[in-house]
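Asker: can't give you the sequence, but here's the structure:
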């Protein structure tokens, strides 16, 4: 127990981020409903009146604030702590959807929420402490240690194989191809986001890191990885049903991110066996909760207000969300089988 | 982490117990199937040929061995550890049913199994150490400490109110009345079983405890509580669907047992806040897994080999199972809506 001050700041930021991101979807949905009520034209059938609806913009800003909080959280706490907590945003969405939008949550979905919370608490209790970092050069030496270079090398090779061999052949039939590419790149995104975030934090604390080329290199890596991840995420979403993509992606992305973080930042060094096992169990519990929530969304998909979303704000959502949770929120907006089919060709 | 030797013995016994009890149901089911195949008369429609089927008896003996292991486990490890692990027997049943009986497990049921395992691991990692006890007199002083007497007093008052006020009025309409009585009595059963088990263990170790009247008193309490518990359990099962009774009973029984154990044996003294919270989370996860498994049994209830059980072996099962897990196994055998209706009047 006994969270360090750093970890605590990161934890609070991650929770705030989940709350904001979770809430943003409900606010935007409310905005879309209002816009549709006023103009009589639903966004899904070509209306853009939602752009004139202040509530929609409030939702958009809420989401951006949430994403920034999430980005900053990585600068304070280990990825092993921050990444899995992203699952909490779907709980916030689910609960708010029930209260504000009066969408009914399936009892098994409630169980999914409880799972996510219980698992998150276990992860938080057993999270490793963030190592104090004094300069971007320290991160650089972590990133260039042989073990992590092997990880990066494997990721690059796997991504190459997936992109050039499997994607053309079975990218449209096997859901693991595109989601695999996103997840592999996603783990590198988070590592570079953490490196960049830490450098910027140090800079704001007065220790200017912008003088080091390494900081700028990490910035390039962030840009490249995030764009690559987003690109294949869009492909995955356009090809397969979000309800299928989301849990698979969440599981692969979070697992690979934890793996990368454990290798690069040595998060598990100095932790007891019991603590590590507890962390893994907590992670499994969160994953199961996420799957449950998605499975039950499937149960009553047709009964709720869905599929009335335009593609444009959906796309903007995808571009803003840099780090993997987005899918979990994404499908709050965009999963009517009809619209998926329309976008498939 | 670092289980004490005592805890480890208790843990192994609890796991063996779950394995045996879980397996016993599958073996008995196999025996019933064979008996039905040979005689052409199913037990459910009046046949008793299963009594001539060796396999059925193997199942019965397996179950008794499992129950004895469970009883002995309480003598070695805290109830906080042993009781929730009872949920593992449904996993053993579910897995064996899939392998041997070729019953299909719903994917969400698989998730339920994973939850039960993950939760159990968390509980095991954070379980308190069993306090070394030298004499039944020590247990007696624990049982007569004011805090535990208040607990016993509250249980007795609540049971009285439930039995004499609520049972006649709404026992047949509200599932919480009978299950409440069982669970309250069940928590006292486990405490007295633990006291008796520890005394017998000491006796076998050469420190004769049978000379103390307290040992005999605990024996009486065990007999009284178990009979009372079984009696109301039968009432609950005869009145309501097992699939409804089981999860409610498991949750209430396990929660009250943990509460009783924490008060009487001070299991949580000297444990850190994080450890206790982890234990509670693990417990919540196991409960959720149990609920999931029961919920998914509901999904395909009509498709599997059920409802062909006679009432007599069912009754014997109930009598043998003294400590609360029984319901979870019970419904492996006894939940066809048809037979429930027949028994309802």
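Answerer: All right, it came through fine. Since the structure is predicted, the reported quantities are computational estimates derived from the model, not experimental observations. Numbers count the residues shown, from 1 in each chain, chains lettered A, B, ... in the order given.
Asker: packing partners for the helix or strand containing residue A:169?
Answerer: Assigned by DSSP states H and E, residue A:169 falls within helix A:167-170. Packed against helix A:167-170, as judged by 3 or more CB pairs under 8 Å, 6 or more residues apart in numbering or on different chains; DSSP states H and E, are the following elements: helix A:175-204. Glycine gets a C-beta too; all of them are placed from N, C-alpha and C.
Asker: check which helices and strands the helix it packs on sits against.
Answerer: Looks like helix A:175-204 contacts helix A:54-76, helix A:79-85, helix A:136-143, helix A:146-160, helix A:167-170, helix A:213-239, helix A:242-264 (3+ CB pairs under 8 Å, 6+ apart).
Asker: and those, which is most packed in?
Answerer: Across the helices and strands packed on helix A:175-204, averaging neighbours per residue (mean count of other CB atoms under 10 Å in any protein chain shown) puts helix A:79-85 on top, at a mean of 28.
Asker: kindly report the residues of the stretch 1-150 of chain A close to chain B.
Answerer: Applying CB under 8 Å from any CB of the partner chain, one finds that the stretch 1-150 of chain A approaches chain B through A:1-2, A:107-108, A:111, A:114-115, A:118-119, A:121-122, A:125-126.
Asker: looking at those, which are in helices?
Answerer: Using DSSP state H, A:107-108, A:111, A:114-115, A:118-119, A:121-122, A:125-126 are the members of these that sit in helices.
Asker: spatially, which two of the residues of the stretch 1-150 of chain A next to chain B are the most separated?
Answerer: A:2 and A:107 (36.4 Å; CB to CB).
Asker: can you tell me the element the closest residue to chain B within the stretch 151-300 of chain A falls in?
Answerer: Per CB to the nearest CB, residue A:274 is where the stretch 151-300 of chain A lies closest to chain B, at 3.0 Å. Residue A:274 is part of helix A:273-299, with elements assigned from DSSP H and E.
Asker: next, the angle from that helix to helix B:107-126.
Answerer: For helix A:273-299 against helix B:107-126, the angle by axes from the mean of the first three to the mean of the last three CA atoms, to 10 degrees is 160 degrees.
Asker: list the buried residues for helix A:273-299?
Answerer: By 16 or more other CB atoms under 10 Å in any protein chain shown, the buried positions in helix A:273-299 come out as A:274-297.
Asker: what do you get for stretch A:34-41?
Answerer: A:34-36.
Asker: so which bits of the stretch 201-345 of chain A are right by chain B?
Answerer: For the stretch 201-345 of chain A, the residues in contact with chain B (CB under 8 Å from any CB) are A:272-275, A:277-278, A:281-282, A:284-285, A:288, A:291-292, A:295.
Asker: what do you get if the cut-off is 6 Å, keeping everything else the same?
Answerer: Proximity of the stretch 201-345 of chain A to chain B, by CB under 6 Å from any CB of the partner chain, involves residues A:272-274, A:278, A:281, A:284-285, A:288.
Asker: and the residues you listed as CSV, adding distance to residue B:85 and pLDDT?
Answerer: Listed next are these as CSV, based on distance: CB to CB, whole Å; pLDDT from 0 to 100:
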residue, distance to residue B:85, pLDDT
A:272, 22, 83
A:273, 20, 85
A:274, 17, 86
A:278, 16, 92
A:281, 15, 93
A:284, 18, 92
A:285, 17, 93
A:288, 19, 90
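Asker: and those residues, which is closest to residue A:98?
Answerer: Nearest to residue A:98 among these, with distances taken as CB to CB, is residue A:288, at 20.9 Å.
Asker: which one of the buried residues of stretch A:34-41 sits closest to chain B?
Answerer: Of the buried residues of stretch A:34-41, the one sitting nearest to chain B (CB to the nearest CB) turns out to be residue A:36, at 34.7 Å.
Asker: how about the nearest residue to residue A:181, chain neighbours excluded?
Answerer: residue A:232 (4.3 Å; CB to CB, 6 or more residues apart in numbering or on different chains).
Asker: doesn't residue A:183 make contact with the one you found?
Answerer: No - using CB atoms under 6 Å, residue A:232 makes no contact with residue A:183, being 9.4 Å away.
Asker: all set now, cheers.
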